[in-house]
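J.: model this:
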Amino acid sequence: MVSSIVAVHGLNGHRDETWTAANDVHWLRDLLPTDIPNARILCWGYDANTHGDRVSCQYLYDHAKSLVTDLCLKRTRIKTTQRPIIFVAYSLGGIIVKSALIHLDMARRGAVEEYRLIKTSTETRSSSSNSLVSGPISGDFVTKFAFEEYETPTALGGSIMVVPKALAVVPGVADTEQIMIHADHKMMVKFVLKEDNGYETVSGHLEIMVDSAAGVIASRWEQEGRVDAAWINSKESFSIVLSLSEVSETEYFVAREEELAEMHKALSEGSGRRVVTLYGLGGIDGVSVKQSYTRIVRRILQEHPSTSKLGVITDDSRPEEVIVAVKRWLEYTKNMRWLMVLDNYDNPKVASNTDPSAIDIRQFLPEADHGSIIVTIRSAKVSISHRRKVDPATAELTKELDGLPLALATAGAYLY
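T.: As a prediction, this is how the structure comes out:
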């Protein structure tokens, strides 16, 4: 079975020059194909320059998403979506690959379906001087940690260990192996000839990984097929009984009929996900949102105890895992009739807000193109979708009362 080997360079690197020795031997192009003929090798490049005429403004996560997009496009175009993948990541490239795999893990049905094809096909990854294994997806892959033996000369004279072994290796993680390369940081990925000790070590491991990947990935795709069949035949209900037990009772409620009608129209018409933003007073924070997601999980498990859509979620699960599980549940294609209300989004993370505790609400929103979302916020600088300013006089009144919550609450009591 043919496998794909994808090489990702590091900081200030180049997709070809990083892997090319002084004698112009590019080992991924000139040496490896003859030793592993059943592998298709891709050297992926990105702008990792830290100086020069042009320096990229992209973040590492942006490069990671570009890697995912490029792989999805190429593999879909040449119809190789189920081909096993082995990543060879050097230095900063290790962080790019790890971020890409986390991004793939977050992609769910109904959002970016083709991303699942990459993660399912990734059986192994080999790293050079970088720690790739961390987080809940570590156990999904086999990882080889390659680290440098010698210090690297610097431009100012002297030499340093660019990435010490302690930073290149994560001890105690399953399905990992440590590999020492008898070279410095720069030369550990440049091999002059086949007899080079470093090349023999790396190519030997890659050959074993390619041989083992075929069976593992084939088995994984068989399992995916069974899961897909179960989903297609599943009659699982996504309905949750409406409960207002945690909502304070309002004795006197004056409806704003015009605004409610506009909201109903925005949320009920058209296709795809619909979002309405209401401007008002605030008070939401990241902690309260995470607590809300925890309550949602409990409600789902209470009414659907046999559901498999949440994965393995327990009382000891971290908030981040709970958020991912709930988003996954909301993103399933059959679960389309849901309404999420994010009330009092008070401290949005925008360019003009320097508060370190500000939050980006998008991390809590499902990525699927279905469902309905209502967000209440007091800042008109945040635009999520359809916007509605509740009362034109609110800004003037708030300014007059210096934005004091107690004063505003008292004024509201007199108004209604």
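
J.: need the strands for the stretch 301-416 of the chain, in chain order.
T.: Here the stretch 301-416 of the chain has its strands, by DSSP state E, counting those that start in this stretch, at 339-345, 372-377, 386-389.

J.: who wins for proximity to residue 361 among those strands?
T.: Closest to residue 361 of the strands of the stretch 301-416 of the chain is strand 339-345 (Cβ to Cβ; 5.7 Å). C-beta: built from backbone N, CA, C; applies to glycine.

J.: Which other helices and strands does that closest one contact?
T.: strand 372-377 (3 or more Cβ pairs under 8 Å, 6 or more residues apart in numbering; DSSP states H and E).

J.: now the strand it packs on: mean pLDDT?
T.: Mean per-residue pLDDT for strand 372-377: 81.

J.: Do you have the strands of the stretch 51-200 of the chain handy? List them.
T.: Ranges of strands within the stretch 51-200 of the chain are 85-90, 122-128, 142-148, 152-153, 159-160, 176-181, based on DSSP E, counting those that start in this stretch.

J.: Distance to residue 239, mean neighbour count and mean pLDDT for those strands - can I get that in TSV?
T.: Shown next, in TSV, are those (distance: least, Cβ to Cβ, whole Å; neighbours: other Cβ atoms under 10 Å; pLDDT from 0 to 100):
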stretch	distance to residue 239	mean neighbour count	mean pLDDT
strand 85-90	39	26	92
strand 122-128	36	25	54
strand 142-148	41	23	87
strand 152-153	60	14	91
strand 159-160	61	12	90
strand 176-181	43	17	88
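
J.: Per-residue pLDDT of residue 35, please?
T.: Listed pLDDT for residue 35 reads 95.

J.: Contact partners for it?
T.: Going by Cβ atoms under 8 Å, 6 or more residues apart in numbering, residue 35 touches 194, 203, 207.

J.: Just give me the closest of these to residue 84.
T.: Checking the contacts of residue 35 against residue 84 by Cβ to Cβ gives residue 207 as the nearest, at 13.3 Å.

J.: show me the contacts for that closest one.
T.: 35, 36.

J.: what about it, is that helix, strand or coil?
T.: Put simply, residue 207 is helix when judged by DSSP: H, G, I helix; E, B strand; the rest coil.

J.: thinking again about what came up before, can you tell me which of the contacts of residue 35 is closest to residue 86?
T.: residue 207 (10.5 Å).

J.: My read is that residue 154 contacts residue 160, right?
T.: Yes - in this structure, residue 154 is within contact of residue 160 by Cβ atoms under 8 Å, at 6.0 Å.

J.: Which of the strands of the stretch 51-200 of the chain sits closest to residue 323?
T.: Short answer: strand 122-128, nearest of those by Cβ to Cβ, at 23.5 Å.

J.: What segments of the stretch 51-200 of the chain are helices?
T.: 60-77, 92-106, 115-121, 165-168, 197-233 (DSSP state H, counting those that start in this stretch).

J.: helices or strands up against the first one?
T.: Contact here means 3+ Cβ pairs under 8 Å, 6+ apart; on that basis helix 60-77 packs against strand 3-8, strand 39-44, helix 92-106, helix 115-121.

J.: ok, and for that helix, which residues are buried?
T.: By neighbour count on 16 or more other Cβ atoms under 10 Å, the buried set for helix 60-77 is 63, 64, 65, 66, 67, 68, 71, 72, 75.
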